[in-house]
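> Sequence and predicted model, in that order:
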Amino acid sequence: MSKMHVKFTLNGEEVEGLAEPRTLLIHFLRENLRITGPHIGCETSHCGACTVDMDGKSVKSCTVFVAQANGADVTTIEGLTNPDGTLSVIQEMFREHHGLQCGYCTPGMITRVHRLLQEHPSPTEEDVRFGIAGNLCRCTGYQNIVKAVLAAADQLNAQKEAAE
């Protein structure tokens with residue numbers, strides 16, 4: 001199969017490369033671009049370990065062809081840190097509230113939460129649980145993840161109010 005040229009924005013920078021059109025985005029990110037934050041879990045879109053943000057939507061990169069990302073704006077966990085390299089509010093709240101254990105699901109979970117808090121800046125516990133339902137965590141029982149998301153929402157809203 002012939003390779004195609006793909007070009008998209010990844011974490012704010014243009015990237016490009018050659019890939020077979022059937023190459024999955026997760027494989028292109030990890031193997032071609034050496035972006036290892038998104039993890040390969042189930043490869044069926046059930047676990048969410050591979051979640052990235054593409055054109056303003058959470059997507060499971062194990063079910064997106066790299067050809068579909070051509071021209072897109074893609075953000076991974078690596079693109080969510082602050083410009084100075086410090087943890088984002090969401091990342092810091094996951095750390096502070098012990099919202100992770102083994103860490104395998106964490107990059108996909110945080111990337112999903114990033115989009116969730118843009119969609120619902122003041123979520124309820126029910127909103128959070130529904131919003132992260134497509135991202136599985138086998139270690140935490142979700143209690144501390146939910147606490148971390150609600151704390152992040154509170155902090156982000158306080159920052160927004162202070163800036164206004």
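Structure's in. What do you need? Residues are numbered from 1 along each chain as shown.
> When you work out contacts or count neighbours from here on, use the C-alpha atoms and nothing else.
Fine.
> burial of P83, as a residue count?
Counted with other CA atoms under 10 Å, the neighbours of P83 add up to 9.
> biggest helix in this structure, by residue count?
Longest helix of the chain, by residue count under DSSP state H: helix 143-163.
> Show me how this structure divides into domains.
Following automatic domain parsing, one gets these domains for the chain: 4-78, 89-163.
> need those domains in a markdown table with mean pLDDT and mean neighbour count, can you?
Putting the domains of the chain into a markdown table (pLDDT from 0 to 100; neighbours: other CA atoms under 10 Å) gives the following:
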| stretch | mean pLDDT | mean neighbour count |
| --- | --- | --- |
| domain 4-78 | 96 | 19 |
| domain 89-163 | 96 | 18 |
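> that older thread, work out the gap between the longest helix of the chain and the centre of the chain.
Mean-position distance between helix 143-163 and its chain equals 17 Å (CA atoms, centre = their mean, to the nearest Å).
> The residue nearest to G79 when sequence neighbours are not counted and A152, how far apart?
Of all residues not flanking G79 in the chain, N11 sits nearest, at 4.5 Å (CA to CA, 6 or more residues apart in numbering). Using CA to CA, to the nearest Å, N11 is found at 21 Å from A152.
> Now the phi/psi pair for C139, please.
Backbone torsions of C139, given as degrees, to the nearest 10, read phi -110, psi -40.
> How about the contacts made by the residue nearest to the spatial centre of the chain?
With distances taken as CA atoms, centre = their mean, the residue of the chain nearest its centroid is T111 (2.2 Å). By CA atoms under 8 Å, 6 or more residues apart in numbering, T111 lies in contact with T51, V52, D53, S58, T76, I77, L80.
> the helices in this protein, which residues?
Per DSSP H, the chain carries helices over the ranges 25-27, 66-69, 89-96, 106-119, 125-131, 143-163.
> Dump these into CSV; add distance to C42 as well.
Output for the helices of the chain, formatted as CSV (distance: least, CA to CA, whole Å):
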stretch, distance to C42
helix 25-27, 12
helix 66-69, 18
helix 89-96, 23
helix 106-119, 13
helix 125-131, 20
helix 143-163, 21
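> quick one: which of those is nearest H46?
Ranking these by their distance to H46 (criterion: CA to CA) puts helix 106-119 first, at 11.9 Å.
> Report the angle between that closest one and helix 143-163.
40 degrees (axes from the mean of the first three to the mean of the last three CA atoms, to 10 degrees).
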